[in-house]
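Trainee: only geometry, no sequence info:
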């Protein structure tokens, strides 16, 4: 369970020479009842793990697509408690690792220790907390370690060499390489330095490096994955689910891995 | 030796404060912290800052003995610290001039800011015009309606005002978008935060730049009255004018400090901005502090007649000072603030900002518990020109 399951799963896919593909979905967008169906669907598409977003009222790391999805989800009455309960209900049916992505206030308010235990019960393997830099991660690391839940660190284009080293060495499961200086959402072009940035991360990181933020096509996914181990796609997947275009999701994933 | 040394090296005020931001911003916060420490130890910088404070802003501001108000409230001697007389009409410029000079020092050419009532936006646009910096200000849609004149003022000064439609279209939403803009432009842009909120080092930097208010007040009280005041009162949205006047008095235990939050329609309704009445710690906009939030950690909308106090959080240092009991936090409703707005206008010929009117309203209550031998200072954080139209409408509707 947890950390180990995530690491093993990614390792296995890499042994099969596959690009790792991690989609992001917004829990509760279109109703919480869709969560199981969407996760099953993505699992069948051959994804490496699934990032499940839990909506927060003030998501400062997110661009318009995920902001709007979060808003719709909150209007549906989604809470962290309900997402955890829902995930627990069908955990036996899942083979793919689940990573919850949410902002620190929801976890803090739920109670960090209680949250870590609930994650185990719900079959959650890892966490991404975009507003928790290394300076503050002590707030959660002890209890996450106790429960063996992976804390995936994010590294940014602005991170110094020293910070990159620290983040790469601490990250569990994989290292999340933010590929734009900005919020989440589709981009048509990347800064030139992204290539060398990913290459350097790959040299330093003991865990797989996944590129995320701004990726919306299989061309981009394949190009970026050639410098690292794979990609995370958020806004595009959220948008396609919202429009009910699941065939396009399947195609995007299968042409990217 | 000072016994109060907050924040610590990690930017914590007890458990409050800190830096809960995306990694992309961390290097900029560390750079800012270092630039600030170096600047404050550089006599050229402090002299330049001081020159602008005196020659451009018009400091020091008077500590005015409000004879008529003293008589009217029939309690202690009341002094008004006249921050309303600063250039641009409020205390906000004490901070923006400091941060704009830091921006130049860091070699950045662009500035982003949020604004609620528009006072901080105007103060930022002003110093950007002065120092040749490009300026983008985020302002909630509802606030742009409430404060039309300030929008025009910012544009006149050369700033670009961007309307924020998310959420309730007020200060909280403007901060979200300003933070997002900063994340995307951090390499050449500095974020001039307008209050003692946000991630470290902002609460400290803003407090330090605003502490000129308290330092002057202390000297002026000693000169005019020969003793420190018995009480100091200031209004609180994020809490920058309050921290500015409180900070130099924190170790003077005989001086009682009162922070006044906006009570909106009433603290038992869901329409107020009194965060410290029922402390509820959480993390918003990069800092741990008390918040208006539901049981699941979703931030709730604040409500106040005054756009400048309409914020669901409060500076982390205020949360700390509330926990230690050093500052007492109170709440004043919209109605009481409007009435105090009229009272000060009619007794002293001074039209206060609606924000500051909350402090005046509390002084009326506090005065009843004090004696004529005592003294009280209230921070008159801004002038009310911007609020006249709104007050006219409210009074006509009554």
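Mentor: Right, received. Where do you want to start? This is a predicted model, so every value here is computed, not measured.
Trainee: now the spatially most central residue of chain B. Nearest residue, chain neighbours left out?
Mentor: In chain B, the C-alpha nearest the mean C-alpha coordinate belongs to residue B:240, at 3.1 Å (CA atoms, centre = their mean). Using CB to CB, 6 or more residues apart in numbering or on different chains and skipping residues adjacent in sequence, the residue nearest residue B:240 is residue B:195, 4.3 Å away. For the C-beta atoms, the positions are set from N, CA and C on the backbone; glycine is no exception.
Trainee: do residue A:87 as well
Mentor: In space, residue A:87 is closest to residue A:122, 4.1 Å off (CB to CB, 6+ apart).
Trainee: dump the residue contacts of the one you found.
Mentor: A:84, A:85, A:87, A:88, A:91, A:98 (CB atoms under 8 Å, 6 or more residues apart in numbering or on different chains).
Trainee: most neighbours among those residues, which one?
Mentor: For the contacts of residue A:122, the largest number of neighbours (other CB atoms under 10 Å in any protein chain shown) sits with residue A:87, at 23 neighbours.
Trainee: which residue packs closest to the residue of the stretch 151-257 of chain A found nearest chain B, ignoring adjacent ones?
Mentor: Nearest to chain B in the stretch 151-257 of chain A, going by CB to the nearest CB, is residue A:182, at a distance of 3.6 Å. Distances taken as CB to CB, 6+ apart put residue B:184 closest to residue A:182, at 3.6 Å, once the chain neighbours are dropped.
Trainee: shouldn't the one you found be within a helix?
Mentor: Yes. Judged by DSSP: H, G, I helix; E, B strand; the rest coil, residue B:184 forms part of a helix.
Trainee: mind listing what it touches?
Mentor: A:181, A:182, A:183.
Trainee: go again with 10 Å.
Mentor: Taking CB atoms under 10 Å, 6 or more residues apart in numbering or on different chains, we find residue B:184 in contact with A:63, A:180, A:181, A:182, A:183, B:24, B:112.
Trainee: what is the neighbour count of the closest residue to residue A:32 other than its chain neighbours?
Mentor: Nearest residue to residue A:32, sequence neighbours excluded (CB to CB, 6+ apart): residue A:86, at 5.5 Å. Using other CB under 10 Å, residue A:86 has 19 neighbouring residues.
Trainee: quick one, phi/psi of residue A:86?
Mentor: Taking degrees, to the nearest 10, you get phi -60, psi -50 for the backbone angles of residue A:86.
Trainee: can you check residue A:26 too?
Mentor: Residue torsions, per degrees, to the nearest 10, at residue A:26 are phi -100, psi 110.
Trainee: so it sits against residue A:184, correct?
Mentor: No. Counting by CB atoms under 10 Å, residue A:26 sits too far from residue A:184 to count as a contact (11.1 Å).
Trainee: more crowded one of these two?
Mentor: residue A:26 (30 against 25).
Trainee: quick check, pLDDT for that one.
Mentor: Predicted confidence (pLDDT) for residue A:26: 98.
Trainee: partners of it in the sheet?
Mentor: residue A:53 (DSSP bridges).
Trainee: distance of it from residue A:169?
Mentor: Going from residue A:26 to residue A:169 by CB to CB, to the nearest Å gives 31 Å.
Trainee: ok, now residue B:99?
Mentor: Distance from residue B:99 to residue A:169, by CB to CB: 35 Å.
Trainee: the two: who's more crowded?
Mentor: residue B:99 (23 against 13).
Trainee: wait, the more buried one touches residue B:112, no?
Mentor: No. Using CB under 10 Å, residue B:99 makes no contact with residue B:112, being 11.4 Å away.
Trainee: list the residues that are in contact with both of the two.
Mentor: B:124, B:190, B:191, B:192, B:193.
Trainee: report the contact partners of the last one.
Mentor: For residue B:193, the set of contacting residues under the criterion of CB under 10 Å, 6+ apart consists of B:95-96, B:99, B:112-114, B:120, B:124, B:175, B:178-179, B:182, B:199, B:202-203, B:205-206, B:238, B:240, B:285-286.
Trainee: repeat that with 7 Å
Mentor: By CB atoms under 7 Å, 6 or more residues apart in numbering or on different chains, the contact set of residue B:193 is B:202, B:206.
Trainee: ditto for residue B:250
Mentor: B:4, B:326 are the contacts of residue B:250 under CB under 7 Å, 6+ apart.
Trainee: mind running it again at 8 Å?
Mentor: Per CB under 8 Å, 6+ apart, neighbours of residue B:250: B:4, B:257, B:321, B:326.
Trainee: so which of those residues are in helices?
Mentor: The helices, defined by DSSP state H, take in residue B:321 from these.
Trainee: most widely separated two among the contacts of residue B:250?
Mentor: For these, with distances taken as CB to CB, the pair at the greatest spread is B:4 and B:257 (12.2 Å).
Trainee: who's more crowded, the two?
Mentor: residue B:257 (21 against 10).
Trainee: okay, now the residue nearest to the more buried one when sequence neighbours are not counted: neighbour count?
Mentor: Excluding its sequence neighbours, the residue lying closest to residue B:257 (CB to CB, 6+ apart) is residue B:327, at 4.4 Å. Using other CB under 10 Å as the criterion, residue B:327 is surrounded by 25 other residues.
Trainee: residue B:248 now?
Mentor: By other CB under 10 Å, neighbour count at residue B:248 equals 18.
Trainee: kindly report the same for the one 3 residues further on.
Mentor: Residue B:251 sits with 12 neighbouring residues when counted by other CB under 10 Å.
Trainee: so it, which of the three states?
Mentor: coil.
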